[in-house]
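Trainee: 3D, please:
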Amino acid sequence: MLASFLRWNRKMQRVLWLIVALGVMASLPMAAERWQTEQSSGGVEIVFDFADLLVLSEFEAEPQTFMDQELAAMQGAGVTTIAIYEATLVEMQQTGHIKLYTPLEAALLEGSSWADPDTRHTYLLFSGEQERAALQPIIERYFASLDVPVHRWDVDDRAGLRIEMSQNAAQQLPMEPNPLLLDRLHGMGFQLAARLSDRPQLDMAKTEEMIRMLHTYGVRTIIFAGQAVTGFTDDAEEHTLTAMAELMNEYGIRIALIETDPSKPQQKGAAKLAYLTDYEAVRLHSILEGEMFQSPATLSDRMVLAVTDRNIRMIYLNASIQRDTDTAFLKNSLFNMRESLKGPDGAVQRIQEEGFRMGEAETFTVADFVPADKLLKLVVLAGVFALAALLAGMFFQWSPLLVFVGGLIGGAGLYVLSPMLLLQAAALLAAISAPSLAVILAIRTLARKHGREQGFSSSREGVVEQKGDTVGLAGWLLIGAPDKGMASSWLGAVGLLLRTVAISLIGIIYVVGLLHTITYLLAIDLFRGVSLLKLAPIGIVVLYYIFFRDELSLERIAGRVKAILMANIKVVYIVILGIVGVVGLYYLSRAGNAGTTLPYERAFRAFLENTLGVRPRTQEFLIGHPLLIAGAYLCLRYRKGLLLVVLGVIGQLTMVNTFTHLHTPLDISMLRVTYGVAFGLLVSVVLAGVLEVLIRSWRKWAHLFRVF
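Mentor: Got it, this is the predicted structure:
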């Protein structure tokens, strides 16, 4: 019965490969939809935070003149949009529209030198009649909504208000945007973006008035301030997010989704609001105040990379001031910001050279020309389970049929629980299975083509034998005469790499096909399991190399496990294990945009980015691909080096990981992988030459080190 079952599984492998191929073909139309969606948005917007300019103006002798000059300079450098917040009393004072007074100052203005210590009201005077006419209704309406009395307070011929709330409490409360400021900025030719906050007991009637006013000034984008979007707090009881979405749809206003680290949450309610507005949304990258003091070249590189590499369509610039430690004078970052934007090396021209238009950000137009995408995804899911079954068959010949059927049943159950979770889990399974299977097949090819490499069954390899003995490293150091020429061995190794890359591409195509919707493009939904993807293929391939590559029976595999567990541990092994652990932690720390880098690595990355336009992954072209080719080269020429092929899995999983950054355009990711393979081939030539020199030199002296 067992023999019959094994025969069924061997026959099943061809069927599984056919299902894998069908899954690839089913993924292609959905990948085409994503590519067309990515091409539909070409407008990029440079936004500056006006609140920061107000703060900087407080350090100037003539603040209004300073602001006018700086706004004009920004416009000349390429800033197209000014972000304005809901008005506060402090902002009205900074813009010169009102003047705030403490109770004592108010008493002095009234001709008294004494203020009632039991009252701490807020006093203000308007700069003129125009300011009073525009701002008094806003102030009175807002504080009336808080049940705070507001009274007329005039001094001589100046009109003002007295608010029965302490200045510390009143001055930062958000009201509707300042119409005088909107007039000023709009008159200068800037586009405007609104920064709105959330608040409890949101009055939707007043919110509609505010949205209508913003619309008259051409506001097209809301960049929500704080931890939540407007309407989130009361949404559960009052459905305020739905009401907010209806207003935004009516007035043609979209949401800006602020880019965050994947480990940090998005603004609360942002995903729902984007859904309710039919994903009329753009991605926004913010450069924080302190970061604006970086060099103009660094800032320019960052902005260009955000647009080209992560589908960012709004760049949000801040500004700040700091003390120069050399001169002791205060300096702001505005000059630095302008230099990063203008000129041939500035971000504006470089972004335009990449084919984008500067001006107004554009949302994506979702391509939807595949009529049966749900049916196609079922075929892709079957392909994923078939791929996992083929991988399982590399370890246990009896397992492919069971794994495939089990995957189908488990997938059906997970679909009932959550269709999205099923797609994300399947994408992760494909991303892990493809590079693992690709490298294991490379190992099997090399082992079968030239017989088993001297390894666990050899007393010369330096690892545990079946009997549990341990020996030295002579198996690696004592290399005999070559079997093939250098050129033929290298070409054979290159062919093996290309086949391995092709199998890894299956996982890439599956990930793109399963997770191709607009929510992933906007980074509302993310690929889950990046850390597992970076570790699991390495663990799977190492497990295969240690226990399964000799195709032993389960009894002999169990004996090998026992031998390893019972082996005498030497201090050198503990040291090696510690080194491996440190390297592994550093390897994981490199994940993400903020990953740990080596000294000068960022400069090297910038050089590659500026030279090639798209930076290949260093883990591909400097580590993974060269090691796989070098290992295959040694195997074909000397029947050694299979362990290097195992390490080559790093390059394969990094390729797949590139495409799990679902907000990165497909053509950029594909070009990155192509560069990785091409430069990996060049590096492998150097590495193979170095190994050849070392081997030829070592063979002359190897007899001196047999004691190892």
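Trainee: only C-alpha atoms from now on, for both contacts and neighbour counts.
Mentor: OK.
Trainee: gap between the nearest residue to residue 179 once chain neighbours are set aside and residue 183?
Mentor: Residue nearest to residue 179 in three dimensions, not counting chain neighbours: residue 134, with 7.0 Å by CA to CA, 6 or more residues apart in numbering. Distance of residue 134 to residue 183, given as CA to CA, to the nearest Å: 11 Å.
Trainee: and the two? which has more neighbours close in?
Mentor: Legend: neighbour count by other CA atoms under 10 Å for residue 134 and residue 183, higher for residue 134 (14 against 11).
Trainee: quickly note the distance from that one to residue 181.
Mentor: As judged by CA to CA, residue 134 and residue 181 stand 11 Å apart.
Trainee: can you give me the helices in the stretch 101-250 of the chain?
Mentor: 103-109, 129-145, 167-170, 179-187, 204-216, 235-238, 240-250 (DSSP state H, counting those that start in this stretch).
Trainee: can you redo those helices as a markdown table with distance to residue 604?
Mentor: Output for the helices of the stretch 101-250 of the chain, formatted as a markdown table (distance: least, CA to CA, whole Å):
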| stretch | distance to residue 604 |
| --- | --- |
| helix 103-109 | 59 |
| helix 129-145 | 54 |
| helix 167-170 | 50 |
| helix 179-187 | 41 |
| helix 204-216 | 45 |
| helix 235-238 | 48 |
| helix 240-250 | 44 |
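Trainee: nearest to residue 74, out of those?
Mentor: Closest approach to residue 74 among the helices of the stretch 101-250 of the chain (CA to CA): helix 179-187, 12.3 Å.
Trainee: against which helices or strands is the closest one packed?
Mentor: Judged by 3 or more CA pairs under 8 Å, 6 or more residues apart in numbering; DSSP states H and E, the packing partners of helix 179-187 are helix 129-145, strand 191-195.
Trainee: list the contacts for the closest residue to residue 280 other than its chain neighbours?
Mentor: Nearest non-adjacent residue to residue 280, counting by CA to CA, 6+ apart: residue 254, 5.3 Å away. Listed by CA atoms under 8 Å, 6 or more residues apart in numbering, the contact set of residue 254 reads 220-222, 248, 277, 280-282.
Trainee: what about 6 Å?
Mentor: By CA atoms under 6 Å, 6 or more residues apart in numbering, the contact list for residue 254 reads 221, 280-281.
Trainee: the helix or strand bottoming out on mean pLDDT in the chain: what's the following helix or strand?
Mentor: Least confident element among the helices and strands of the chain, by mean pLDDT, DSSP states H and E: helix 474-477 (a mean of 44). Using DSSP states H and E, the helix or strand that follows helix 474-477 in sequence is helix 486-514.
Trainee: what helix or strand does residue 282 sit in?
Mentor: Assignment of secondary structure by DSSP H and E places residue 282 within strand 281-287.
Trainee: give the other helices and strands that that strand contacts.
Mentor: Strand 281-287 sits against strand 254-258, strand 314-317, with contacts defined as 3 or more CA pairs under 6 Å, 6 or more residues apart in numbering; DSSP states H and E.
Trainee: that strand: which residues count as buried?
Mentor: 281-287 (16 or more other CA atoms under 10 Å).
Trainee: tell me the angle of it relative to strand 254-258?
Mentor: If you take axes from the mean of the first three to the mean of the last three CA atoms, to 10 degrees, strand 281-287 sits at 40 degrees to strand 254-258.
Trainee: any residues touching strand 281-287, and which ones?
Mentor: Here strand 281-287 has contacts from 254-259, 312-317, 363, using CA under 6 Å, 6+ apart.
Trainee: can you say which of the helices and strands packed on strand 281-287 is nearest to residue 207?
Mentor: Residue 207 lies closest, by CA to CA, to one member of the helices and strands packed on strand 281-287: strand 254-258, at 15.5 Å.
Trainee: ok, then the element right after the closest one?
Mentor: That would be, after strand 254-258 and using DSSP H and E, helix 270-276.
Trainee: contacts for that next one next, please.
Mentor: residue 245.
Trainee: ok, now stretch 193-210?
Mentor: Outside stretch 193-210, the residues that touch it by CA under 6 Å, 6+ apart are 83-85, 219, 221-225, 229-231, 233.
Trainee: in CSV, list these along with distance to residue 163 and neighbour count.
Mentor: Converted to CSV, those look like this (distance: CA to CA, whole Å; neighbours: other CA atoms under 10 Å):
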residue, distance to residue 163, neighbour count
83, 28, 21
84, 25, 22
85, 22, 23
219, 31, 22
221, 33, 25
222, 30, 25
223, 30, 21
224, 28, 22
225, 26, 17
229, 29, 26
230, 26, 28
231, 27, 28
233, 27, 20
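Trainee: now stretch 22-41 - C-alpha only, CSV.
Mentor: Extracted C-alpha coordinates of stretch 22-41, given in CSV (Å, rounded to 0.1, in the frame of the first residue of the first chain):
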residue,chain,number,x,y,z
LEU,A,22,-1.9,27.5,-14.3
GLY,A,23,-1.7,29.7,-11.2
VAL,A,24,1.1,31.8,-12.8
MET,A,25,-1.1,32.4,-15.9
ALA,A,26,-4.1,33.3,-13.7
SER,A,27,-1.9,35.8,-11.9
LEU,A,28,-0.8,37.7,-15.0
PRO,A,29,-4.1,39.5,-15.8
MET,A,30,-4.3,40.8,-12.2
ALA,A,31,-0.6,41.9,-12.4
ALA,A,32,-1.5,43.8,-15.6
GLU,A,33,-4.4,45.5,-13.7
ARG,A,34,-2.0,46.7,-11.0
TRP,A,35,0.6,47.9,-13.6
GLN,A,36,-2.1,49.9,-15.4
THR,A,37,-3.3,51.4,-12.1
GLU,A,38,0.2,52.5,-11.2
GLN,A,39,0.6,54.3,-14.6
SER,A,40,-2.6,56.4,-14.0
SER,A,41,-1.1,58.9,-11.6
